[in-house]
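In: quick one, what's the 3D model for this:
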Amino acid sequence: MSQLPRLQGITPDGQVIDLPELAEIQINWDEGLPATLLLSPEHLPGNSLSLEVGSQEDEEDHIEEYGVLVLRPGSCNVLDIEVETHRLDEDED
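Out: Numbering: from 1, shown residues only. Now for the predicted structure:
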């Protein structure tokens, strides 16, 4: 398992807060599909950040497909970006 990145949050008034145990942020909008921000996800090699968003629902409002935006630090101040779509397997929650 890769080591989690050092994270800090910044409040609206500018206070810096250390977030040592944060690995995932779940975002639930009032409208639209939920999103998950994963920091150094275990299913991706190396340092990375992924934003996963449901992109298709079935008749029972279960997410069947999700889009993934993956950011990885590259060399010489370059950021590698990948955009993918995945189908959920039947045995996944």
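In: I'd guessed Thr36 sits against Ala23; true?
Out: No - under the contact definition of CB atoms under 8 Å, Thr36 does not touch Ala23, with a separation of 10.7 Å. C-beta coordinates here come from the backbone N, C-alpha and C atoms, glycine included.
In: neighbouring strands of the longest strand along the chain in the sheet, and parallel or not?
Out: Once the chain is assigned using DSSP state E, the strand that runs over the most residues is strand 63-73. Strand 63-73 has the following sheet partners, assigned by DSSP bridges: strand 49-57 (antiparallel), strand 79-87 (antiparallel).
In: contacts for the last one, please.
Out: Spelled out, that is strand 79-87. Outside strand 79-87, the residues within contact range by CB atoms under 8 Å, 6 or more residues apart in numbering are Ser55, Glu64, Glu65, Tyr66, Gly67, Val68, Leu69, Val70, Leu71, Arg72, Pro73, Gly74.
In: what sits opposite the closest residue to the last one other than its chain neighbours in the beta ladder?
Out: Meaning Gly74. With CB to CB, 6 or more residues apart in numbering as the measure, Asp80 is the residue that lies nearest to Gly74, at 4.7 Å, once sequence neighbours are left out. According to DSSP bridges, Arg72 are recorded as the beta-bridge partners of Asp80.
In: what sits against the most centrally placed residue in the chain?
Out: Taking CA atoms, centre = their mean as the criterion, Leu37 is the residue nearest the geometric centre of the chain, at 2.5 Å. For Leu37, the set of contacting residues under the criterion of CB under 8 Å, 6+ apart consists of Glu24, Ile25, Ile27, Leu49, Ser50, Leu51.
In: how far away is it from Val78?
Out: 21 Å (CB to CB, to the nearest Å).
In: buried set for the least confident helix or strand in the chain by mean pLDDT?
Out: None of the helices or strands of the chain scores lower by mean pLDDT, DSSP states H and E than strand 79-87, at a mean of 74. Applying a neighbour-count criterion of 16 or more other CB atoms under 10 Å, one finds nothing buried in strand 79-87.
In: gap between it and the chain center?
Out: The gap between where strand 79-87 is centred and where its chain is centred comes out at 11 Å by CA atoms, centre = their mean, to the nearest Å.
In: no further questions, thank you.
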